[in-house]
Structures are given as C-alpha cells and as structure tokens.
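Colleague: Generate coordinates for the sequence data below:
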Amino acid sequence: MIRIIMQTTINKQRLLTHLFTALKKAYNPADPINRPILEQFLYALCRENATREQADEAFRTLREQFFDWNEVRVSSQRELEDSLSELSEPDVRAQRIVSFLQEVFETTFSFDLEPLHKKGVKQAAKQLSRFQAANDYAVAWVVQQSLAGHAIPLDPPTLRVLRRLGLVDEDQNDPESIRASLEHHVPKNKAPLFGDLLSYVAAEFCFEDSPNCSACPLRLECPTGKTARETVGSSRSSRPKPR
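Modeller: Numbering: from 1, shown residues only. The predicted structure follows:
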C-alpha cells in the first residue's frame with residue numbers, strides 16, 4: 001500500500017514538472033498584480049470560469065466605466081451586466097459584485113478590507129467566507145494573491161484539466177480536500193503560475209466537449225491525451241487498405 005502511494009506521488013510530481021516545463025514554452029503570463037483585498041475579491045468574481053485575459057478586460061472595464069466602487073454598488077444590474085458581457089453568466093456575476101460591495105459597505109461603512117491583514121491568514125479567510133458572494137474559489141484567490149497564504153483556487157475548467165491529467169481522482173469532489181492535496185505537491189511560490197497555466201490549457205485545448213488533445217502541449221504525459229492518440233491510431237489501423 002505504501003509503495004503504491006509513493007509511486008502515485010512520484011507520478012504526480014513528474015507530471016507537474018512536465019506541466020510547468022511544457023506550458024511555459026507555450027504560455028508565459030505576466031506576474032500577478034498586487035491589489036487591495038477588496039479588489040482581489042472583486043477580481044476573483046471575474047476570474048472564476050474565465051481566462052486571465054477575459055478577467056483582466058472585465059475588471060478594467062469596471063474600473064473605467066464607473067467612478068468608484070460606490071457607484072458600482074448603486075448602479076443597475078443591467079449596467080453591470082453590460083460591463084461583464086464578455087464573461088459567462090454576467091447576470092450572476094453582477095449580482096455577486098453588488099451583493100459583496102453592499103455587504104462590505106454595511107459592515108465597514110467604507111470599501112476597505114485591508115485591516116484583514118492584521119488577523120492572520122486563517123481568520124481573514126474565515127471572515128471573507130462569511131460574505132454571501134463568497135465561495136471557495138474567491139476566498140482561495142484572495143488568500144493566494146493578497147494574504148500571502150498557500151491556496152490554489154479551483155473552478156470547473158481547472159478541475160476538468162486536473163481530472164483529465166490524473167492529478168485529481170474522478171470521485172474527488174470536495175474543493176477543500178482537493179486543494180489540500182494539490183498544495184502538498186505544488187510549491188507556494190509556483191501556485192499562481194500553476195493556476196494560470198491550467199486556465200490556459202482549459203481555454204485553448206481541454207474543452208469540455210471534444211478536447212483538442214492532439215495540439216495540447218501536455219498530450220505526451222496526459223492519460224486522456226494518450227487514450228485519444230491510441231483511439232486515433234486504432235481507428236487508422238482498422239481502415240481497409242486501398243486497392
């Protein structure tokens with residue numbers, strides 16, 4: 001049993017090494033942007049289920065089209081939806097943004113969450129999780145990006161890639177336990193890059209339907225990619241030879 005666990009760990013480490021090496025040749029995102037806690041939370045609401053480029057554009061639009069966060073809070077949902085139109089479910093995101101800003105304002109009479117830095121990572125994360133707009137992804141994002149904690153945000157596209165790579169078992173569904181396992185294998189200083197790389201693969205190759213395994217940089221190590229290659233090879237070999 002111990003031997004099997006050790007072998008699984010070794011396989012995961014080898015795959016992770018290959019992931020960083022292969023993907024950085026194809027996609028090398030800019031360093032994370034240092035933002036206040038409140039803005040990182042709002043950015044997370046844009047970033048979940050979206051690429052970095054899509055989230056950057058949506059967040060930039062919010063900053064440019066509205067005078068400040070209070071104007072965002074009191075604006076109509078339709079106005080916010082228009083600003084978030086390039087993202088999936090703009091109506092849901094708009095509701096969460098307004099809900100979050102309203103709750104922060106009612107709690108602090110401001111839009112400043114920087115005092116959370118003094119509470120420590122665990123207590124700050126616990127307080128963030130109490131907001132109605134919060135979920136595991138948003139809290140993990142802020143912990144990673146603003147609170148200097150080790151957390152890997154997980155959304156459906158990221159989990160899809162992780163499962164197909166074999167880094168997460170198909171029957172694993174609890175985000176907290178999945179993150180704990182990943183954080184054991186991925187160093188803290190590489191966690192932001194890890195998330196960006198997985199998001200890139202999900203958007204460019206690892207589609208939910210009909211993934212483009214043949215073009216994916218991870219195809220040589222990915223179990224799903226190997227199966228796809230074997231299926232194609234078997235299909236070709238079974239074709240009748242032309243006369």
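Colleague: what about stretch 81-90, how long is it end to end?
Modeller: 5 Å (C-alpha to C-alpha, to the nearest Å).
Colleague: How far off centre is it?
Modeller: Mean C-alpha position of stretch 81-90 versus that of the full chain (C-alpha atoms, centre = their mean, to the nearest Å) differs by 18 Å.
Colleague: Name the single longest helix found in the protein.
Modeller: As far as residue count goes, and with DSSP state H defining each element, the longest helix of the chain is helix 2-26.
Colleague: hey, C-alpha coordinates of the very next helix or strand once past that one in CSV?
Modeller: Following helix 2-26 in sequence order, the next helix or strand is helix 37-47 (DSSP states H and E). Extracted C-alpha coordinates of helix 37-47, given in CSV (Å, rounded to 0.1, in the frame of the first residue of the first chain):
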residue,chain,number,x,y,z
ILE,A,37,-8.1,42.7,-0.6
LEU,A,38,-11.4,44.2,-1.7
GLU,A,39,-10.3,44.5,-5.3
GLN,A,40,-8.8,41.0,-5.3
PHE,A,41,-12.1,39.6,-4.2
LEU,A,42,-13.9,41.5,-7.0
TYR,A,43,-11.3,40.4,-9.5
ALA,A,44,-11.9,36.8,-8.3
LEU,A,45,-15.6,37.2,-9.2
CYS,A,46,-14.5,38.0,-12.7
ARG,A,47,-11.7,35.4,-12.9
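Colleague: residues touching residue 190, list them.
Modeller: Applying C-beta atoms under 8 Å, 6 or more residues apart in numbering, one finds that residue 190 lies in contact with residue 20. (Each C-beta comes from the backbone N, C-alpha and C, glycine too.)
Colleague: That one and residue 50, how far apart?
Modeller: 21 Å (C-beta to C-beta, to the nearest Å).
Colleague: One more: residue 149?
Modeller: Look at residue 149 and residue 50: by C-beta to C-beta, they are 22 Å apart.
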